[in-house]
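# compute the structure for the input listed below.
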Amino acid sequence: MDGRRGRRESKRSVRLRTAVLALTAASIGAALLPGAASATEHDYTYRIPISVSGYQVKQTVTFGQRPPVNGHVTHMEVDIVDAACQNATTCPDATPVPIQRLMLHHIVFLNTGRTDQSCGAAGEKILGFDNMTLAPPVERFYAAGEERAKLAMPAGYGYPLGDPATSNWAVLYMVMNHKPDLDSAYIQYKVTVDDDPAVEDAKPVWLDERNCSADPIYNVPGTGEKGATDVQSREFTVSPDLLGASDGRIVSGAGHVHGGAHELNLTQPSCGNRELFNSEPTWGRKDHPFYNVRPILHEPGPISMTAFQTPTGFPFQAGEPLRLNSIYDNTRPHTRVMGIMIVYVAPDDEAGAEPCGPLPTDVSYTGRPDGRTKGPPHFEVPLTGLDENGDAITIDHPEGELRDLDSGDTIGVKDNLFTKRNIRIDAGDKLNWSYDSSNLHNLTLANGPKAIGGPNLSRDGSGEPRVFTKRFKRPGTYRLFCALHPVQMTERVVVRDR
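The predicted model follows:
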């Protein structure tokens, strides 16, 4: 028997074993205690200290510890906690931090020893938070947002850790502070590793409507009639070289969206655009903390997204396109939204032997807790300012009278300040925002006629201010803020109909 045939026989036996294990687990799952693991599974817990200034949003990348072994990750989860110390072994007790204090808006785990499947095949780099710096396309292998998505593999599969000597982790995160004072806590992540050599690789493929960016946001204008949707689509191909096989099977996956989303949809264009998976949001009910935290710094996201697992897997040929469709409500503005899905692919030279082969029948779905599922709830973000005591309050507009500006005029953006905060212009006029600061700021719509979500900007590499330009075609009142300093930096633009 040659080596290739031997590998095929091995994969067939693993798939048979995983299917049997999956059925067995389903039949006895109710009897298993939470956290139960096989004799080859080992749990690790790590913490990263964080501090966020009052009423601000922190975006950064930092070092992350990884398990000091070469096995497969079968489960992973993350949260913000209070703990007595950073070392989880010394201080095992930890309490989740309520979002009334700190909200983990999103977090991405990076393997710096590998090239990303969807952003590295063609030599791209990742654009930094500052929309200026370029970073190497390192592998994005797990992420979570407000919905606290978990990495969960079907039995017999896992994310390959790689050699600890050559494979390090980094963590990109965005955290919001809902209190007026500096707050500190820990990002805690738990990792389950299986060191059974029979576990099969499941490699991450990151699908993103605004790929290769540390801040992959876009804006839904919100100008449509009743029932209107905004659909963003992007196609991806998996490199056979990075995958390590000519074909693959998608065995697990989940999506991430923001407020206003209907669903994420993954299709196979070369097979009649057949649907592989829908990741659908569940929204909190009116009494959920997402809708009652104050101050309101952004439109609340879902409390859960559906995820899937399938030991058999969705077959595809490396090099054929996979299409991600991000579908949002377009009857009202939604700013700085995302459309991201991460799927895990088992390399398999046999999977594409039959083009558009049969879809798996062993797909299981998770992620439908109690909540609202009939479309995204209507939610208007107010403008927030500070009272005389420094506490956050809802305001109609910043202090000061309206000031008429001409088309093409410039507003300075400095630390914690828009130099012109109450502006009146005519429909069709444009304005420039000049970012004369060493710190990042942006321009974001709280509420108004049409979405605005500008890039994070500061001075450029030579110390010159970078400029964001916006033309206002729709009349109405635009209440604006910096999404990184949403309470300290506010502005109103009134657009008159000509």
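# so what touches stretch 412-426?
397-407, 411, 431, 433-437, 439, 441, 443, 457, 472, 482, 485, 488-496, 498 (Cβ atoms under 8 Å, 6 or more residues apart in numbering). Glycine gets a C-beta too; all of them are placed from N, C-alpha and C.
# which of those are buried? Put it as a ChimeraX command.
Buried members of the contacts of stretch 412-426, defined by 16 or more other Cβ atoms under 10 Å, are picked up in ChimeraX with:
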select :397,398,405,411,431,433,434,435,436,437,441,443,457,472,482,485,488,489,490,491,492,493,494,495
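# please narrow the contacts of stretch 412-426 to those residing in helices.
Nothing among the contacts of stretch 412-426 maps onto helices, per DSSP state H.
# so which of the contacts of stretch 412-426 are in strands?
403-404, 411, 431, 433-435, 482, 485, 488-496 (DSSP state E).
# wait, what's in contact with residue 88?
Neighbours of residue 88 in contact, by Cβ under 8 Å, 6+ apart: 45-47, 94, 188.
# and residue 404, by the same measure?
Shown in contact with residue 404 (Cβ under 8 Å, 6+ apart): 424-425.
# can you tell me how far it is from residue 412?
17 Å (Cβ to Cβ, to the nearest Å).
# now the longest strand along the chain: average pLDDT?
As assigned by DSSP E, the longest strand anywhere in the chain is strand 102-115. Computed over strand 102-115, the mean pLDDT rounds to 96.
# same check, this time on stretch 439-452
98.
# show the end-to-end separation of that stretch, please.
Stretch 439-452 has an end-to-end distance of 20 Å (Cα to Cα, to the nearest Å).
# what of stretch 224-240?
End-to-end for stretch 224-240, by Cα to Cα: 41 Å.
# now stretch 447-460
29 Å.
# for this structure, give me the ranges with low pLDDT.
Regions of the chain meeting the criterion pLDDT under 70 cover residues 1-37.
# let me see the domain layout of it.
Using automatic domain parsing, the domain parsing of the chain gives 33-366, 383-496.
# looking at those, which is nearest to residue 376?
Residue 376 sits nearest to domain 33-366 of all the domains of the chain, at 5.0 Å, using Cβ to Cβ.
# chain center to that closest one, what's the gap?
Here the centre of domain 33-366 is set off from its chain's centre by 6 Å, with Cα atoms, centre = their mean, to the nearest Å.
# make residue 1 into 678 and carry on from there
In the new numbering, first residue 678, that becomes domain 710-1043.
# strand partners of the helix or strand hosting residue 989, parallel vs antiparallel please.
Assigned by DSSP states H and E, residue 989 belongs to strand 984-994. If you go by DSSP bridges, strand 984-994 pairs up with strand 924-934 (antiparallel), strand 1041-1043 (antiparallel).
# put the alpha carbons of the first one into PDB.
The C-alpha trace of strand 924-934 is given here as PDB (Å, rounded to 0.1, in the frame of the first residue of the first chain):
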ATOM      1  CA  ASP A 924      -9.900  19.500  -1.400                       C
ATOM      2  CA  GLY A 925     -11.500  19.900   1.900                       C
ATOM      3  CA  ARG A 926     -14.600  19.300   4.100                       C
ATOM      4  CA  ILE A 927     -16.100  22.100   6.200                       C
ATOM      5  CA  VAL A 928     -16.800  20.500   9.500                       C
ATOM      6  CA  SER A 929     -17.700  23.500  11.800                       C
ATOM      7  CA  GLY A 930     -18.500  27.200  11.700                       C
ATOM      8  CA  ALA A 931     -20.300  30.200  13.000                       C
ATOM      9  CA  GLY A 932     -20.900  33.900  12.200                       C
ATOM     10  CA  HIS A 933     -20.600  37.300  13.700                       C
ATOM     11  CA  VAL A 934     -22.800  40.300  13.000                       C
END
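# that one to strand 779-792, inter-axis angle?
Angle between the axes of strand 924-934 and strand 779-792 is 160 degrees (criterion: axes from the mean of the first three to the mean of the last three Cα atoms, to 10 degrees).
# tell me which element the nearest residue to residue 1170 once chain neighbours are set aside is part of?
Closest residue to residue 1170 apart from its sequence neighbours, by Cβ to Cβ, 6 or more residues apart in numbering: residue 1155 at 4.4 Å. Using DSSP H and E, residue 1155 sits in strand 1153-1159.
# residues in contact with residue 719?
Applying Cβ under 8 Å, 6+ apart, the residues near residue 719 are 744, 746, 748, 869-872.
# which entries within these meet the buried criterion?
Those of these that meet the buried threshold are 744, 748, 869-872, by 16+ other Cβ under 10 Å.
# how about the contacts made by residue 1022?
Residue 1022 sits next to 794, 879-882, 915, 920, 925-928 when contact means Cβ under 8 Å, 6+ apart.
# would JSON lines of those with neighbour count and distance to residue 970 be doable?
JSON lines is the format used below for these (neighbours: other Cβ atoms under 10 Å; distance: Cβ to Cβ, whole Å):
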{"residue": "794", "neighbour count": "25", "distance to residue 970": "36"}
{"residue": "879", "neighbour count": "28", "distance to residue 970": "36"}
{"residue": "880", "neighbour count": "21", "distance to residue 970": "37"}
{"residue": "881", "neighbour count": "24", "distance to residue 970": "31"}
{"residue": "882", "neighbour count": "25", "distance to residue 970": "34"}
{"residue": "915", "neighbour count": "26", "distance to residue 970": "39"}
{"residue": "920", "neighbour count": "21", "distance to residue 970": "42"}
{"residue": "925", "neighbour count": "29", "distance to residue 970": "41"}
{"residue": "926", "neighbour count": "27", "distance to residue 970": "41"}
{"residue": "927", "neighbour count": "25", "distance to residue 970": "36"}
{"residue": "928", "neighbour count": "27", "distance to residue 970": "36"}
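# of those, which is the nearest to residue 800?
residue 794 (13.6 Å).
# residue boundaries of the helices in the chain?
Using DSSP H, helices in the chain cover 680-705, 917-920.
# can you get me the start-to-end distance on stretch 1147-1161?
With Cα to Cα as the measure, the first residue of stretch 1147-1161 is 19 Å from its last.
# next one: that stretch to chain centre, how far?
Using Cα atoms, centre = their mean, the offset of stretch 1147-1161 from its chain centre is 25 Å.
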